[in-house]
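>>> have a look at this prediction, sequence included:
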Amino acid sequence: MKKHQSVKESIRSIAIVGSGLSGLSAGIFLQQAGKAVTLFEKSRGPGGRLAAKRTGDGAVDIGAQYFTVRNPVFRQFLDDFAGPDSYAEWRGRLRHQGDQGQWANFHATERYVGVPRMTAISRRLSQHLDVRAETRVAGLTRDAGQWLLEDTAGGRHGPFDAVLVTAPPAQTRTLLSDSGLDLDGAPGLFDDHPLAACWAVAACFADNPCTDADGLGVRHPVLDWAANNSSKPGRAGDDVWWVLHARSDWSERHQDADPQWVTERLLAAFAEVAGVATAPFQTLTHRWLYARTVAGSRPPGYVWDDAQRLGLCGDWLQGGRVEGAFESAEALVRAMR
């Protein structure tokens, strides 16, 4: 892969807040250009939207359910830095409901997943980088042209020549505000391109409760998506896991609802839509506060303030797709030239 050689020579060290796909991609590009890069991740490991929860005999994808590869540079990047064995095509039978409730097949295209779980990709990418896990950045301070970072435990990190923030818009806005930082155009950016919440439930069945399809795009007041996680490459087991994603508007209204109540509502919706007659013997529930881009949003792709040497990137700035996270990072690194 062609290296990004022309990032300014005066930028030698970069701090990246967040280790989702955009942060990992930007970090690798900058490191390939000879820069010293440090990533700070609030969770125990990298992943972001490429998230999975551990189960007794494996893991279940609770975030992005699949991704497409329209950009050949993205495929080459995955092959070079994650490895071609870290992902595979998911040839699931996917169907969606029309306005009148009729079912039709998804349009034909190649859809990919991480193997044996979505986090396989981010884990592989992170091996190339210095990732400081369980470190939540709470403040950014600029002093004598360089950046210092402070975490919630009181630790200080730096100095760095530049900072890239790859967190969701609400978290990025809070970080900048708490740091007393103004970014040109930022208020409108955050207001115009928010992310909506999403409740996710993973349900385990002894036998497959829905054999007609492996993925369902649903027209329902509660349920938006249901997928047979066990049908994906590398995930075969004795039990069958289905992942249910609630509608964004429903999730927004019920952000603070009891997880057990949410689980019951989503399982009832799945039973109604797919004709499921059996109950799962195990469930996992996860609330995504910042999950989906709002329809009609036309974000700028990235933000780079050359005077402050402060940048923003992420899938929320590039249409919300997994591949968009990579493209946002690549565009930001180009802007740093």
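Now that the structure is in, tell me what you want to look at.
>>> could you use CA atoms for every contact and neighbour count after this?
OK.
>>> and the spatially closest residue to Ala279 that is not a sequence neighbour, what's its pLDDT?
In space, and not counting its chain neighbours, Ala279 is closest to Phe205: 7.1 Å by C-alpha to C-alpha, 6 or more residues apart in numbering. The model reports Phe205 with a pLDDT of 96.
>>> so what's Phe205 bridging to?
Taking DSSP bridges as the rule, Phe205 bridges to Val240.
>>> you'd agree it is up against Gln282?
Yes: in terms of C-alpha atoms under 8 Å, Phe205 counts as a neighbour of Gln282; the distance is 7.5 Å.
>>> looking at these two, which one has more neighbours?
For Phe205 versus Gln282, neighbours defined as other C-alpha atoms under 10 Å are more numerous around Phe205 (17 against 12).
>>> pull the residues that contact the lengthiest helix in the chain.
Using DSSP state H to define each element, the chain has its longest helix at helix 259-274. With contact meaning C-alpha atoms under 8 Å, 6 or more residues apart in numbering, helix 259-274 is reached by 199, 201, 210, 218, 220, 222-223, 226, 244-246, 276-277, 283, 285-286.
>>> of all those, which two lie farthest apart?
Spanning the widest gap among the contacts of helix 259-274 are Ala277 and His286, at 23.7 Å by C-alpha to C-alpha.
>>> comparing these two, which residue is more hemmed in?
Shown here are Ala277 and His286; by other C-alpha under 10 Å, His286 has more neighbours (17 against 10).
>>> quick one: residues contacting the more buried one.
Counting by C-alpha under 8 Å, 6+ apart, His286 has contacts Ile62, Trp199, Ala200, Val201, Pro259.
>>> same thing but 6 Å
Ala200 (C-alpha atoms under 6 Å, 6 or more residues apart in numbering).
>>> same question, the one 5 residues further on
Taking C-alpha under 6 Å, 6+ apart as the contact definition, Ala291 lies against Leu195, Ala196, Ala197, Cys198.
>>> so the first one makes contact with Trp288?
No: taking C-alpha atoms under 6 Å as the contact criterion, Leu195 and Trp288 are not neighbours in contact, 9.9 Å apart.
>>> please say which of the two ends up with more neighbours.
The neighbour count for Leu195 versus Trp288, taken as other C-alpha under 10 Å, is higher for Leu195 (22 against 17).
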